[in-house]
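S.K.: this one's sequence-less:
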């Protein structure tokens, strides 16, 4: 027996509301998004993508991830004689947002 959790966000004048429901399925089903949130079926603008990202991850949380990731990178950097290697460079908010977006996107199609 399969279960499907549907999570949706609605935006209105008073803010954003998150709702979810769980339903029982016997086979995989695809649900088309409602007219107010068609991000899964169209290419969104940069501003829309940032809005979606901000719904999922607070800016302060991203900054903490960047800070502590850079601390760990610095620890690893000390183990190498060539400390200018590309994979040992500090990260930033953009890279972390892209990484989280890829993880989120890959989880959708899992």
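M.R.: Happy to help now that I have it. As the structure is a computational prediction, the values presented were derived from the model and not from experiment. Residues are numbered from 1 along each chain as shown.
S.K.: Could you pick out the longest helix of this protein?
M.R.: In the chain, assigned by DSSP state H, the helix with the most residues is helix 59-77.
S.K.: any idea how far residue 95 is from residue 80?
M.R.: To residue 95, residue 80 is 20 Å away according to Cβ to Cβ, to the nearest Å. C-beta coordinates here come from the backbone N, C-alpha and C atoms, glycine included.
S.K.: which helices and strands sit right next to the longest helix of the chain?
M.R.: helix 93-108 (3 or more Cβ pairs under 8 Å, 6 or more residues apart in numbering; DSSP states H and E).
S.K.: Buried residues, the helix it packs on. List them.
M.R.: Buried residues in helix 93-108, counted by 16 or more other Cβ atoms under 10 Å: 96, 97, 100.
S.K.: For the last one, give me the pLDDT.
M.R.: With respect to pLDDT, residue 100 scores 85.
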